[in-house]
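# Pasted the sequence and its predicted model underneath.
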Amino acid sequence: MPSRPAPAALDAPGKTAVLYCNLGTPDAPTAPAVRRYLAEFLSDPRVVEIPRLAWWPILHGIILRVRPARSAAKYASIWTPEGSALKVWTEQQTGGLGSLLAERGHRLEVHYAMRYGQPAIAAQLDALAAGGVTRLLVLQAYPQYSGTTTASVLDAVAAWSQRQRRVPEMRFVADYHDDAGYIGALADSVQRHWAQHGRGELLLMSFHGIPARNIALGDPYQVQCQATARLLAQRLGLTDQQYRLTFQSRFGRAKWLEPYTEPTLRALAQQGTRRIDVMCPGFPGDCLETLEEINMEGRAAFLESGGEAFHYIPCLNDSPAWARALADLAERHLSGWNTRTMPADQPAVS
Ligand SMILES: C=CC1=C(C)c2cc3[nH]c(cc4nc(cc5[nH]c(cc1n2)c(C)c5CCC(=O)O)C(CCC(=O)O)=C4C)c(C)c3C=C
Ligand SMILES: [Fe+2]
Ligand SMILES: [Fe+2]
């Protein structure tokens with residue numbers, strides 16, 4: 001009789017995980033740590049689209065020699081005893097998301113990963129796969145989709161998948177720029193600020209910029225920022241004259257999305273705005289770009305130009321409304337995966 005293969009054992013039921021991905025941040029506010037971080041970040045072809053042969057000499061010959069020390073001094077000005085603000089808020093948001101999903105009866109793992117620096121996406125995915133995860137939801141800390149950020153995280157997930165024999169079933173959230181929970185959490189944080197400090201003549205919403213060329217090539221980032229700003233203004237009952245949308249963090253000499261934040265702050269002060277409220281709706285958690293660039297540099301620019309009061313409204317950070325919005329978003333994208341009945345030996349949150 002021809003030999004037959006032994007009957008296969010039943011495939012063990014797998015686990016579900018949510019991976020909350022963010023940009024990443026240096027390990028320390030020092031020039032060597034910032035150089036390592038920037039080298040990885042600025043080598044990503046999604047971030048800098050200049051051909052490698054032209055970009056490499058500029059990156060290694062100029063930028064990585066000059067920028068790390070300057071950026072490290074900025075990082076030092078916002079560093080906390082627990083580390084970089086971006087890491088601290090990402091960790092807290094992950095914990096909040098994990099607790100809420102557990103309270104709602106889901107049995108799954110919730111972890112975070114960074115696109116650049118630690119904990120790296122590949123290392124977190126290795127650990128999840130080794131722990132028996134067979135279904136994965138990738139949720140990102142970018143409410144507005146951009147090829148420079150959202151797609152880059154997906155590149156990292158895809159690069160990891162290429163090395164796997166058994167690739168988990170995967171879903172990802174492309175964006176949530178118009179999500180009612182996200183807009184509601186933003187509105188709630190502005191209203192809480194106004195209740196405590198009164199309100200300014202104008203609410204300026206500053207989003208991270210990207211090169212204008214990316215938009216011309218089809219990146220939906222700008223229209224998504226505009227939609228977020230419009231929905232938030234509607235929710236707050238603001239007229240078009242009572243809010244502004246600007247773009248910050250320009251890098252290099254190419255044209256980026258306009259209007260630029262800092263020149264707008266100067267112009268508004270010069271034109272007579274005395275008190276301004278400023279927020280950064282595209283950043284779920286405070287980080288270098290909000291705490292230093294906006295709340296320090298932007299504040300100085302506004303006050304130097306004749307403004308009298310600059311009120312910075314913090315990012316969503318550990319807002320309970322934001323934690324609920326994130327959990328709702330995750331729940332909607334987890335539907336059908338039976339996470340309330342799936343086994344989870346170690347309901348881990350980290
Ligand atoms: C070089 C081009 C850059 C593009 C394009 C870009 C897009 C982009 N970035 C964020 C979010 C963040 N960026 C942060 C820092 C940061 N960004 C760039 C450059 C580009 N970003 C640099 C070089 C840096 C590092 C700091 C510096 O040296 O200036 C951060 C904060 C990180 C932290 O550690 O706190 C965030 C967050 C988005 C959302 C975005 C496109 C939509
Ligand atoms: Fe950036
Ligand atoms: Fe910046």
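Here it is on my side, so go on. Numbers count the residues shown, from 1 in each chain. Ligands and ions are numbered 1, 2, ... in the order given.
# Now tell me what touches stretch 111-128 from outside.
Outside stretch 111-128, the residues within contact range by CB atoms under 8 Å, 6 or more residues apart in numbering are 17-27, 36-37, 40-41, 44, 87, 90-91, 93-94, 109, 136, 149, 152-153, 156-157, 159-160, 168, 348-350. Just so you know, the C-beta spots here come from the backbone N, C-alpha and C atoms, and that holds for glycine as well.
# So residue 17: helix, strand or coil?
Applying DSSP: H, G, I helix; E, B strand; the rest coil to residue 17 yields a three-state assignment of strand.
# got a pLDDT number for it?
At residue 17, the predicted lDDT confidence score is 98.
# residues contacting it?
Going by CB under 8 Å, 6+ apart, residue 17 touches 108, 109, 110, 111, 128, 133, 135, 136, 137.
# any chance of the residues you listed in TSV, plus neighbour count and distance to ligand 3?
Compiled in TSV, the contacts of residue 17 are given as follows (neighbours: other CB atoms under 10 Å; distance: CB to the ion, whole Å):
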residue	neighbour count	distance to ligand 3
108	25	35
109	24	33
110	29	29
111	20	27
128	21	32
133	21	35
135	20	37
136	24	31
137	24	30
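# among these, which are in strands?
When the contacts of residue 17 are checked against strands using DSSP state E, the ones located there are 109, 110, 111, 133, 135, 136, 137.
# Show me the beta-bridge partners of the closest residue in space to residue 250 that isn't next to it in sequence.
For residue 250, the nearest residue in space outside its immediate sequence neighbours is residue 256; the separation is 4.5 Å by CB to CB, 6 or more residues apart in numbering. Beta-bridge pairing for residue 256 (DSSP bridges): residue 211.
# was I right about residue 256 contacting residue 210?
Yes. Contact status for residue 256 versus residue 210: in contact at 6.5 Å, counting by CB atoms under 8 Å.
# Show me which of the two is the more surrounded one.
Counted by other CB atoms under 10 Å, residue 256 and residue 210 do not tie: residue 210 has more neighbours, with 24 against 20.
# Give me the pLDDT for the more buried one.
According to the model, residue 210 carries a pLDDT of 98.
# before we move on, what about the one 5 residues further on?
At residue 215, the predicted lDDT confidence score is 98.
# Tell me, how many residues neighbour it?
Neighbouring residues of residue 215 were enumerated by other CB under 10 Å; the total is 16.
# need the contact list for it.
Neighbour list for residue 215: 221, 222, 257 [criterion: CB under 8 Å, 6+ apart].
# And it, how close does it get to residue 146?
For residue 215, the distance to residue 146 equals 10 Å [CB to CB, to the nearest Å].
# Okay then, goodbye and thanks.
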